[in-house]
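Colleague: give me coordinates for this.
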Amino acid sequence: MTTTASFAIFIIFVALIFDYTNGFHDAANSIATVVSTRVLSPALAVMWAAAFNFIAFAILGTRVAKTIGGDLVRIELIAQDARLYMLLAGVIGAIVWNLITWYVGLPTSSSHALIGGYGGAAITAYGSFVGILKPEGWIKTVIFIVASPVIGMFLGFFLMVAVHWIFRRSSPRNVDKIFRRGQLLSAAAYSLGHGGNDAQKTMGIVTAVLVAGGLLGAGPGGKLPDIPLWVVLMAHGAIALGTLSGGWRIVHTMGSKITKLKPVGGFCAETAGAIALFGATLAGIPVSTTHTITGAIIGVGSTRRLSAVKWGVARRIVWAWVLTIPAAGSIAAIVFFVFYGVHRMVQ
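Modeller: Here you go, the predicted model:
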């Protein structure tokens, strides 16, 4: 095996570590509502979420992976010997930002951390902001930084209003009983959406690494080829294992600090998030599962009264969202500068 191929395999291993950190960082997205409403214990909730994270590929395909791997960066413009270092730096930038925000308990977006890391490393490797990034991929990604929480918020709000109207003559006890069972389905649907969108981002990076390392041929016209099945299974397996590890600091923020939830609210928030994620994933748009579920929780909480949402916590989360892409990109740029610089020195 050549040195380049060995290095590519190492980067794939690092990318799977990112996928694992994505799973435990974003476990809160899948389980915070079902845990905070006491429908499932934390241990059962993570197992439930992990199972549906894993099987998502069979339902939602790989369109998002192709967006990440082929529609964000013109990798062919980067020097051949710099491409693998660029991809490694992008993944490390995302991992470092994930660990920082996990430690302080902020539900930031692992997806945007990866996108930011990839973009920051690419700009540094190319030496210019102009020409290296593909506008079409970035435009739809940036639009949905804003759109995904707004869509989640409106869906959560309207679902909650509709449920209140439909069950207006039912006793609170019966409503609670119905939606405790319903939350098992809504949590499963949300976990499918989470696994389907988030695991695909790692698939796109891994496939780009395989092409850059000469282990897989490029697709027609130099585009990203079809995602190999073993890459799909590895990515979903890593994110499912990460979810099993949990992310209890962020569960606490998502499940109780934004607003108090009952089973009916948890059901509406998860269903709203699932609908938004299914639509985005099938359209090939890499969105933030964190943004989406946070928006849905805020929408559900605001149906009681605006003061039911703890806006101070929400503002802190929004600031973390704003910082994610530039912060992960800056970390990735530093990593690339150091790693590639060492590589050039020893040549």
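Colleague: C-alpha only now, for contacts and for neighbours.
Modeller: Noted.
Colleague: in the chain, which spans are helices?
Modeller: Assigned by DSSP state H, the chain shows helices spanning 3-25, 27-36, 42-55, 57-60, 63-70, 80-103, 110-126, 135-166, 172-212, 229-245, 248-252, 263-282, 289-301, 311-346.
Colleague: least confident of those, on average?
Modeller: Lowest mean pLDDT of these: helix 248-252, a mean of 50.
Colleague: ok, the closest residue to Ala49 other than its chain neighbours to Gly70 distance?
Modeller: Nearest residue to Ala49 in three dimensions, chain neighbours excluded: Ser191, at 5.3 Å (Cα to Cα, 6 or more residues apart in numbering). Applying Cα to Cα, to the nearest Å, the value for Ser191 to Gly70 is 25 Å.
Colleague: more crowded one of the two?
Modeller: The neighbour comparison of Ser191 against Gly70 (other Cα atoms under 10 Å) goes to Ser191, with 33 against 21.
Colleague: my guess is the residue nearest to Ala49 meets Asn53, correct?
Modeller: Yes: here Ser191 reaches Asn53: they are 5.4 Å apart, a contact under Cα atoms under 8 Å.
Colleague: thinking Val175 is in contact with Trp165, fair?
Modeller: No: taking contacts as Cα under 8 Å, Val175 lies outside contact range of Trp165: 11.9 Å.
Colleague: which one's more surrounded, those two?
Modeller: More neighbours surround Val175 than the other of Val175 and Trp165, with 17 against 10 (other Cα under 10 Å).
Colleague: who touches that one in this structure?
Modeller: Residues in contact with Val175 (Cα atoms under 8 Å, 6 or more residues apart in numbering) are Phe167, Val264.
Colleague: in terms of pLDDT, where does the residue sitting furthest away from the middle of the chain sit?
Modeller: Ranked by distance from the centre of the chain (Cα atoms, centre = their mean), the top residue is Arg169, with 39.1 Å. Note for Arg169: predicted pLDDT of 86.
Colleague: quick check: it vs Cys268, distance?
Modeller: 19 Å.
Colleague: same question, Phe144
Modeller: To Cys268, Phe144 is 21 Å away according to Cα to Cα.
Colleague: same thing with Arg83?
Modeller: Distance from Arg83 to Cys268, counting by Cα to Cα: 44 Å.
Colleague: and for Leu99?
Modeller: Applying Cα to Cα to Leu99 and Cys268 gives a distance of 30 Å.
Colleague: those two: who's more crowded?
Modeller: Using other Cα under 10 Å as the criterion, Leu99 and Cys268 rank with Cys268 on top: 29 against 16.
Colleague: my guess is that one contacts Ala162. True?
Modeller: No: look at Cys268 against Ala162 with Cα under 8 Å: they stay out of range, at 9.7 Å.
Colleague: can you count the residues close to Asn303?
Modeller: Let me fix one detail, which is that residue 303 is Thr and not Asn. Neighbours of Thr303 (other Cα under 10 Å): 18.
Colleague: now do the contacts for the residue lying closest to it once chain neighbours are set aside.
Modeller: Residue nearest to Thr303 in three dimensions, not counting chain neighbours: Phe157, with 6.2 Å by Cα to Cα, 6+ apart. Phe157 sits next to Ala296, Gly299, Val300, Gly301, Ser302, Thr303 when contact means Cα under 8 Å, 6+ apart.
Colleague: pull the most distant pair out of the residues you listed.
Modeller: Taking Cα to Cα, the two most distant members of these are Ala296 and Thr303; they sit 11.2 Å apart.
Colleague: just checking, Pro135 touches Val73?
Modeller: No: using Cα under 8 Å, Pro135 is not in contact with Val73; the gap is 9.0 Å.
Colleague: quick one, which of the two is more surrounded?
Modeller: Per other Cα under 10 Å, whichever of Pro135 and Val73 has more neighbours is Val73, with 22 against 13.
Colleague: neighbours of the nearest residue to the more buried one once chain neighbours are set aside, how many?
Modeller: Closest residue to Val73 apart from its sequence neighbours, by Cα to Cα, 6+ apart: Leu133 at 4.6 Å. The burial count assigned to Leu133 is 18, neighbours taken as other Cα under 10 Å.
Colleague: ok, Leu133 to Val209 distance?
Modeller: 17 Å.
Colleague: repeat for Gly329
Modeller: The gap separating Gly329 from Val209 is 18 Å, by Cα to Cα.
Colleague: Ala280 too?
Modeller: With Cα to Cα as the criterion, Ala280 and Val209 are 25 Å apart.
Colleague: which of these two has more neighbours?
Modeller: In this view Ala280 and Val209 are compared by other Cα under 10 Å, and Val209 has more residues nearby, 28 against 20.
Colleague: residues touching the more buried one, list them.
Modeller: Ala8, Ile11, Ile12, Leu84, Leu87.
Colleague: among those, find me the one that's closest to Gly195.
Modeller: Nearest to Gly195, judged by Cα to Cα, of the contacts of Val209 is Ile12 at 18.6 Å.
Colleague: residue contacts, the nearest residue to that closest one once chain neighbours are set aside?
Modeller: Distance criterion Cα to Cα, 6+ apart; nearest residue to Ile12, sequence neighbours excluded, is Val206 at 5.7 Å. Contact analysis of Val206 by Cα under 8 Å, 6+ apart lists Ile12, Ala15, Val231.
Colleague: now Thr281
Modeller: Leu60, Arg63, Val64, Gly193, Gly196, Asn197.
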